[in-house]
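> Below: sequence and its predicted model.
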Amino acid sequence: MNDLSNTPPARKSWLVDSDAAPQKAPPNLAMQIMNIMEQGIIVWSAEGICEMHNTRIYDVLELSGEDIGIGTERNAFLKSAEARGEFDAEARKAASIKFSAHKPFSFDRLIPSGRIVSTNARPSRGGGYVVTFTDVTEARRDAIKLANAIDGAAESERRALDVLQKERRRQKEAEMLGRLDEWLQSCKTLTELFEIVQAFMVKLLPQTRGELMVYSNSRDVLEGACSWAQPAALAQMAPDGCWALRRGRSYQFESDGLSFLCDHVRGQNHQGDAPYICVPIIAHGDTVGLLHIQFDLDRAEHDILDPQSFAIRCGEHISMAIANVKLRDELHAQSIRDPLTGLYNRRFFMDAMRRFLGAPNVGEKGVGLISFDADKFKLFNDNHGHDAGDVVLQAISEKVLEIIPTGAVACRMGGEEFAVIAPNCTAKASEALAEKIRIGIGETKARYVHGALPRITISAGVSFYPTHGSSPQVLLKQADEALYAAKAKGRNCVVAAKKRAN
């Protein structure tokens, strides 16, 4: 038998035995535990009467003994909280419904001082509730700051992406304009330039159609130079038929703005509300043409940030390229043409002779060279002045250009001396051309100031390739010697070269 005399007496425990009914802790111990907790605590009975609360409840909810105590009714407590502005009537009704449903729930209440208290209600046995009140002001503020920081970071990222996307689009626009410039600046003629504009505009501004028009030589109309995404450019248009040309700056038509259709657009199957833009093409301060671009009504999004603005920039680049080509043409013309008569100068003439004599088919018919000058030209200057002499030289030039066939080149060699080279021309035809020029000039009536000038006559010498030489210098020498022979015969005649080159 075991000796139980030394066994210590059993200690009472407040732990719950799984097989035994729960035992209540001493009231003073439970209150001690509740009072040292950070949360405020209220225990509601099944009937909604306060059975217990800790002292922390007064600090957390900023209450006094008159606001909560043993025996306080839950509905009265909720109404008092509503009156203090901790929540509204809808929140109070929702809490009452959840209490009746005997299910756990939680919500935040705003204390008058601005603090936020989280209310957590948990059902207990017997239909009662244990409600804890926790000050979560700092946690909520930190959460708001974090949420704002996250939102701010997201917004910053969105803005950064937007800026990056716009910058990429700008770079692409600059790249496309750079490629356009590279091609335009490589053009030697306006014809080449128009071909490049036509090809590039389809790529630069998709979902558009348009045309480039330039002034005619008479400057009374504009003529179609090129077009894209449409059958053909407008054949002609009057300058006053475009608002851009009339106002001297780019014109943009928008159906929802204060805009008016240009006359040249009315007859081009305009889409009614479709926007378009007209950009004057200006070279060296002078308006030389018009760029017209019409945007499709149903155009989709593309990489161009502002199509209208980009169209204006395209027009500016095209204007610059046209100005450069025109300037190049002007400088080239000045280097190869005589400024008084407009005929080619000696330098160009000698280059043309070398080209003609070096052509593969030069031997089929030959090349004729005519050298002539005005008879007794000094008398025009002495008797009527040098201005009258200039009028004579201009009259001779105009008549020569009127007579010579296509492909022939006329030149003022200097002073009153002229020359014509006629490729693919036989010796007999060359002499006949010289005679035709002599007769035509003899019939020309030149007028200066108040009256007609004396009759103009010329003397001419003709040489022929290959009969009289195979080089420009030899042919020109042979023609000049024939010209001297014509002078010796009495002037106003044509003499063919007689001496055969070695």
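Received the coordinates, thanks. Residues are numbered from 1 along each chain as shown.

> Can you give me the neighbour number for Ser216?
For Ser216, the neighbour count with other C-beta atoms under 10 Å is 11. In this view, the C-beta of every residue, glycine as well, is placed from N, C-alpha and C.

> isn't it right next to Glu223, touching?
Yes - between Ser216 and Glu223 there is a contact under C-beta atoms under 8 Å: 5.4 Å.

> which element is Ser430 on?
helix 427-442 (DSSP states H and E).

> meant to ask about Ala174, not that
Using DSSP H and E, Ala174 sits in helix 137-184.

> what secondary structure does Asn217 sit in?
Judged by DSSP: H, G, I helix; E, B strand; the rest coil, the three-state class of Asn217 is coil.

> before we move on, back to that, right, and the helix or strand after the helix holding Ser430?
strand 447-448.

> Tell me the strands beside the next helix or strand after that next one, with direction?
For strand 447-448, the following helix or strand on the C-terminal side (DSSP H and E) is strand 451-452. Counting by DSSP bridges, the strands paired with strand 451-452 are strand 447-448 (antiparallel).

> any idea of the mean pLDDT for the strand it pairs with?
The pLDDT scores in strand 447-448 average 83.

> next one: stretch 415-423
94.

> ok, and the helix or strand in this protein with the lowest average confidence?
Taking mean pLDDT, DSSP states H and E as the measure, the helix or strand of the chain with the lowest value is helix 27-35, at a mean of 76.

> Alpha carbons only: can I get the helix or strand just after that one in CSV?
Next helix or strand after helix 27-35 toward the C-terminus (DSSP H and E): strand 40-44. Written as CSV, here are the backbone C-alpha positions of strand 40-44 (Å, rounded to 0.1, in the frame of the first residue of the first chain):
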residue,chain,number,x,y,z
GLY,A,40,-10.8,48.8,-23.6
ILE,A,41,-13.1,45.9,-22.9
ILE,A,42,-16.9,45.7,-22.4
VAL,A,43,-18.8,42.5,-21.7
TRP,A,44,-22.4,42.6,-22.8
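
> what residues does whatever helix or strand comes next after strand 40-44 touch?
Sequence order places strand 50-53 as the next helix or strand after strand 40-44, per DSSP H and E. Applying C-beta atoms under 8 Å, 6 or more residues apart in numbering, the external contacts of strand 50-53 come out as 30-31, 34, 40-45, 68-74, 77, 128.

> try 10 Å this time
27, 30-31, 34-35, 40-45, 57, 63, 68-74, 76-77, 124, 128, 130-131, 133 (C-beta atoms under 10 Å, 6 or more residues apart in numbering).

> what about Gln278, helix or strand, and which?
Rather than Gln, residue 278 is Cys. Going by DSSP H and E, Cys278 is part of strand 276-283.

> quick revisit: pull out the buried positions in the helix holding Ser430.
427, 429-431, 433-434, 437-438, 441 (16 or more other C-beta atoms under 10 Å).

> The residue nearest to the spatial centre of the chain: what's it in contact with?
Centroid check for the chain by C-alpha atoms, centre = their mean gives Phe310 as the closest residue, at 2.3 Å. Shown in contact with Phe310 (C-beta under 10 Å, 6+ apart): 169, 173, 176-177, 204-205, 277, 293, 304.

> which among these gets closest to Ile322?
Leu177 (15.5 Å; C-beta to C-beta).

> hang on, the closest one packs against Glu316?
Yes - here Leu177 reaches Glu316: they are 9.4 Å apart, a contact under C-beta atoms under 10 Å.

> who touches both of Ser216 and Glu223?
Applying C-beta under 10 Å, 6+ apart, one finds that Ser216 and Glu223 are jointly contacted by Gln236.

> What score does the residue nearest to Cys50 when sequence neighbours are not counted have for pLDDT?
Leaving aside its sequence neighbours, Cys50 sits nearest to Thr72 (C-beta to C-beta, 6 or more residues apart in numbering; 4.3 Å). Thr72 is assigned a predicted lDDT (pLDDT) of 94.

> mind listing what Thr72 touches?
Thr72 makes contacts with 42, 44, 48-50, 53, 66, 80, as judged by C-beta under 10 Å, 6+ apart.

> now do Asp387
Residues counted as contacts of Asp387 (C-beta under 10 Å, 6+ apart) are 380-381, 448-449.

> any idea how far the helix or strand in which the residue nearest to the centre of the chain is found is from the chain center?
Using DSSP H and E, Phe310 sits in helix 307-336. Remark: helix 307-336 is offset 18 Å from the chain centroid, using C-alpha atoms, centre = their mean, to the nearest Å.

> Which elements pack onto the helix or strand just after it?
Reading on from helix 307-336 to the C-terminus, the next helix or strand found by DSSP H and E is helix 346-357. Judged by 3 or more C-beta pairs under 10 Å, 6 or more residues apart in numbering; DSSP states H and E, the packing partners of helix 346-357 are helix 307-336, strand 367-374, strand 409-414, strand 417-423, strand 458-465, helix 472-488.

> Name the residues of the longest strand anywhere in the chain that are buried.
When the chain is parsed with DSSP state E, its longest strand is strand 286-295. Residues of strand 286-295 classed as buried by neighbour count (16+ other C-beta under 10 Å): 287-295.

> can I see the domain layout of the chain?
27-135, 183-334, 346-496 (automatic domain parsing).

> Please identify the most buried of those.
Most buried of those, by mean neighbour count (mean count of other C-beta atoms under 10 Å): domain 346-496, with a mean of 18.

> Span of that domain from start to end?
Criterion C-alpha to C-alpha, to the nearest Å; first-to-last residue distance in domain 346-496 is 22 Å.

> Now for Pro442: which residues touch it?
You called it Pro, but residue 442 is Gly. 375, 399, 455-458, 492.

> Go through the residues you listed and name the one nearest Asp480.
If you rank the contacts of Gly442 by distance to Asp480 using C-beta to C-beta, Ile458 comes first, at 14.0 Å.

> didn't that closest one look like it was pressed against Ile396?
Yes - counting by C-beta under 10 Å, Ile458 touches Ile396, with 7.2 Å between them.
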